[in-house]
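J.: Make a model of this:
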Amino acid sequence: MRLLSIRRFPLASLVLSLATVSCVGGAEPTTIPTTTTTTTTLPRPTTTTEPEPELHGGTVVIGLPEEPLTLNPLLPGEQEAIVGMIAQAWSVGVQDVSGETGDLVPEVVERLPTVANGGVALNADGTMTVTYDIREDAVWANGVPITGSDFQFTLDSILSPSVPADRSVYSDIVSSVVGEKTFSYTLAVPTMQYEMLFAVLLPEHDVGGTNLALQWDDHTWISGGPFVFEEWVPGERITFSRNDAYWKEQDGDRLPYFDRVEFRFLPDPGQLHSSFLQSDLDVAQLSPTTDEYQALLGSGASVESEAGPVWVHLNFQFGPERLDRNPDTLNEYLAYRKAVMHAVDRQRIVDALYAGRIGPLDSYVSAYNPTVSQGAWSQYAYDPEAAKTLIAEADAERDVDENRRPGDLEVIFTTDAGNADRDLLAQLLGEMLTAVGVDYVAVPENSLVFFGETVSEGRWDMASWAWQASPGLAALVRFHDVLDPEDARATTNFYRWGTFDSSIQDAASIRYGQLLSQMRTTVDATQLTALVRELEQLVADEALFLPLYAEPVTAAYWPEAVSGFVMNGTEAGFTWKIESWHLPPG
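T.: Below you'll find the predicted structure:
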């Protein structure tokens, strides 16, 4: 997918997002497996009639659980995932995300600019210049070349006060230079956030003179991708037809292979599942229960499930408002936090929730890029006896008044109500913490209250919610703002760790602030990876939160209808390589 602009999702959902992203290589693979991919194919009988069949032609029908309100990938609002999945069929930008590696890969440019390849230059005056070399064969659907002028027009459009786009980082561009097949710009200060820019390109000759904010909801501007917009039947479907001017090839074959793509919208999960099982759909994005997942595996469909970008964690509050929730909280004691880490059986949690589709998460970094992660939470193996010992240590550190016995500890767990996964998680945590001698109370809250008041105001003892990860080093850097000790207003550091009013201000929080400051202006991938790893280890050693799992994403397709499908568990979505899907041989 074309990575969309940096934005925060509303706090009324399960996912709090900084549009955070996973990182690009430059590091040896981790030895800690944190996710699993399940692929099962039980094909129905097919007949091969030709040794070298024609792969072009046909229509692929894709089922999605939501209908977008707009097709404008610059202004997706809360529907970034669905708008982005559809945009894979027609929109273009600087980069895409590989389903095979999870890395950012070039799309309309020859290479992604880095310090190592000379595409990023650190200037003597403290500024940073980024240069794109645009592919010579990259053209819009009418044959007009994609040029540096399209980049400049995109920049000017995003910076226009009349366009409600996210201007983060774009507003820091101080100058730009346009070439026929080049574009460069200079940022006021070095930042890895340049990775997020120009994820969506606008064709100047088509969009120029129009109202970008109002005129591109129900149709698309001219395509630069494999398909062109055909029609939108509200409440039913959106269709695209092949772009005969598309400039990419695969193994010498012109792309795309399919003549048409039809996106059908089935917001009722039961109807989506049944429509797929009845072969009304060729491919579908599904959110199956365990029983539905097992039914899919036995249907003859190819089913692929991966750990996705939304990752769930268990966390602690360190600000003064935590005492309103639990006056006897022990969150400031490291021994207690480590006890919780050892008391929670993460494998049992993922088994209960997802029955083997994913594994537990050993680091938040793994949600962004496993090759950078060290799996730092692997030090906290499930060990109830170790948890009991650590609780006793924490209890010994505090003053126990005459009305409390050592070990008499209460934890108040808060999350949003009405979500089956969170309800089961709350139940499992209760069983695990009770087993090590903790009095456990779960207080589920309406999501508007939980995200709008409890989280934002720091009024909890122990809680759980999800963050959303995105590929690229930029988002991994951006995520670390959530523990920024200098965040006096708690605009990102909801945990209040190390802040002026925190119960913890120590050498670890000071070091974190120093490393975070370095990360924000570091653009060399090797140096940045080293900083990320030091921060990862620090957060794990201080037991500031416990990564639990990344929610699985599941897609299914009929192998007799579609070949060339490659799953993508990142926010790019399973349509990321739609131009390479084709009719099966025979």
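J.: Can you list the low-confidence ranges for the stretch 401-550 of the chain?
T.: Residue ranges of the stretch 401-550 of the chain with pLDDT under 70: 401-408.
J.: Tell me who's in contact with Leu201.
T.: Neighbour list for Leu201: 91-94, 108, 146, 150-151, 154, 224 [criterion: C-beta atoms under 8 Å, 6 or more residues apart in numbering]. Placement of C-beta: from N, CA and C, glycine included.
J.: and the gap between it and Ser580?
T.: With distances defined as C-beta to C-beta, to the nearest Å, the gap from Leu201 to Ser580 amounts to 21 Å.
J.: now Gln374
T.: Gln374 sits 34 Å away from Ser580, going by C-beta to C-beta.
J.: Next: Leu334.
T.: For Leu334, the distance to Ser580 (C-beta to C-beta) stands at 50 Å.
J.: Work out for me the element Val449 sits within.
T.: Taking DSSP states H and E as the definition, one finds Val449 inside helix 447-449.
J.: all strands for the stretch 1-150 of the chain, in order.
T.: Listed in chain order, the strands of the stretch 1-150 of the chain (DSSP state E, counting those that start in this stretch) span 15-17, 37-41, 59-64, 95-97, 104-106, 120-122, 128-133.
J.: Pick the most buried one from these.
T.: Taking mean count of other C-beta atoms under 10 Å as the contact definition, the stretch among those with the greatest mean neighbour count is strand 95-97, which reaches a mean of 24.
J.: What is the end-to-end distance of stretch 310-321?
T.: With C-alpha to C-alpha, to the nearest Å as the measure, stretch 310-321 spans 27 Å from end to end.
J.: Any idea how far that stretch is from the middle of the chain?
T.: Average the C-alpha atoms of stretch 310-321, do the same for its chain, and the two points are 19 Å apart (C-alpha atoms, centre = their mean, to the nearest Å).
J.: average pLDDT across it?
T.: Across stretch 310-321, pLDDT averages out at 97.
J.: Report the buried residues of it.
T.: Residues of stretch 310-321 classed as buried: 310-319 (neighbour count, 16 or more other C-beta atoms under 10 Å).
J.: In JSON lines: those, plus distance to Ile358 and secondary structure.
T.: Putting the buried residues of stretch 310-321 into JSON lines (distance: C-beta to C-beta, whole Å; DSSP: H, G, I helix; E, B strand; the rest coil) gives the following:
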{"residue": "Val310", "distance to Ile358": "11", "secondary structure": "strand"}
{"residue": "Trp311", "distance to Ile358": "10", "secondary structure": "strand"}
{"residue": "Val312", "distance to Ile358": "11", "secondary structure": "strand"}
{"residue": "His313", "distance to Ile358": "15", "secondary structure": "strand"}
{"residue": "Leu314", "distance to Ile358": "17", "secondary structure": "strand"}
{"residue": "Asn315", "distance to Ile358": "20", "secondary structure": "strand"}
{"residue": "Phe316", "distance to Ile358": "24", "secondary structure": "strand"}
{"residue": "Gln317", "distance to Ile358": "27", "secondary structure": "coil"}
{"residue": "Phe318", "distance to Ile358": "29", "secondary structure": "coil"}
{"residue": "Gly319", "distance to Ile358": "32", "secondary structure": "coil"}
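J.: With distance to Pro161 as added columns, please give the residues you listed in TSV.
T.: Listed next are the buried residues of stretch 310-321 as TSV, based on distance: C-beta to C-beta, whole Å:
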residue	distance to Pro161
Val310	33
Trp311	36
Val312	38
His313	38
Leu314	42
Asn315	38
Phe316	42
Gln317	39
Phe318	39
Gly319	37
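J.: gap between the closest residue to Ile134 other than its chain neighbours and Val120?
T.: When the adjacent residues along the chain are set aside, Ile134 lies closest to Lys181, with 4.5 Å between them (C-beta to C-beta, 6 or more residues apart in numbering). Taking C-beta to C-beta as the criterion, Lys181 is separated from Val120 by 19 Å.
J.: ditto for Trp465
T.: Distance of Trp465 to Val120, computed by C-beta to C-beta: 35 Å.
J.: Validate this expectation: Pro547 resides in a strand.
T.: Yes - residue state for Pro547 (DSSP: H, G, I helix; E, B strand; the rest coil) corresponds to a strand.
J.: Give the full set of residues in contact with it.
T.: Contact analysis of Pro547 by C-beta under 8 Å, 6+ apart lists 311-313, 361-364, 366-367, 377.
J.: Most neighbours among these, which one?
T.: Top of these by neighbour number is Ala367, holding 31 neighbours under the definition other C-beta atoms under 10 Å.
J.: Show the pLDDT at that residue.
T.: Each residue has a pLDDT score; the one for Ala367 is 92.
J.: Where does pLDDT dip in the chain?
T.: The model of the chain has pLDDT under 70 over residues 1-53, 399-408, 586.
J.: can you give me the end-to-end distance of stretch 378-391?
T.: End-to-end distance for stretch 378-391: 20 Å, by C-alpha to C-alpha.
J.: Next: stretch 298-306.
T.: Criterion C-alpha to C-alpha; first-to-last residue distance in stretch 298-306 is 19 Å.
J.: Please point out which parts of it sit buried.
T.: Of the residues in stretch 298-306, 299-306 count as buried by neighbour count, 16+ other C-beta under 10 Å.
J.: any idea which of those residues is closest to Pro584?
T.: Proximity of the buried residues of stretch 298-306 to Pro584 (C-beta to C-beta) peaks at Ser302, which lies at 11.0 Å.
J.: before we move on, the earlier item: mind listing which of the contacts of Pro547 are in strands?
T.: Under the assignment DSSP state E, the contacts of Pro547 contribute 311-313 to strands.
J.: And the longest helix seen in the chain, how far out from the chain middle?
T.: The longest helix of the chain (DSSP state H) is helix 525-541. When C-alpha coordinates are averaged (C-alpha atoms, centre = their mean), helix 525-541 and its chain have centres 20 Å apart.
J.: can you check stretch 556-571 too?
T.: 19 Å.
J.: cool, and stretch 279-294?
T.: Here the centre of stretch 279-294 is set off from its chain's centre by 22 Å, with C-alpha atoms, centre = their mean.
J.: so Asp137 touches Trp247, yeah?
T.: Yes - taking contact to mean C-beta atoms under 8 Å, the distance of 4.3 Å between Asp137 and Trp247 places them in contact.
J.: Please identify which of these two sits among more neighbours.
T.: Higher neighbour count among Asp137 and Trp247: Trp247, with 21 against 12, using other C-beta under 10 Å.
J.: Tell me how far the more buried one lies from Val108.
T.: Shown here: Trp247 relative to Val108, a distance of 9 Å by C-beta to C-beta.
J.: what sits in contact with each of those two?
T.: In contact with both Trp247 and Val108: 135, 138, using C-beta under 8 Å, 6+ apart.
J.: farthest-separated two in the buried residues of stretch 298-306?
T.: For these, the farthest-apart pair by C-beta to C-beta is Gly300 and Glu306; their separation is 20.9 Å.
J.: Strands along the stretch 401-550 of the chain, start to end?
T.: 409-416, 438-445, 462-468, 545-557.
J.: What segments of the stretch 251-400 of the chain are strands?
T.: Defined through DSSP E, counting those that start in this stretch, the strands belonging to the stretch 251-400 of the chain, from first to last, are 253-254, 260-265, 283-286, 302-316.
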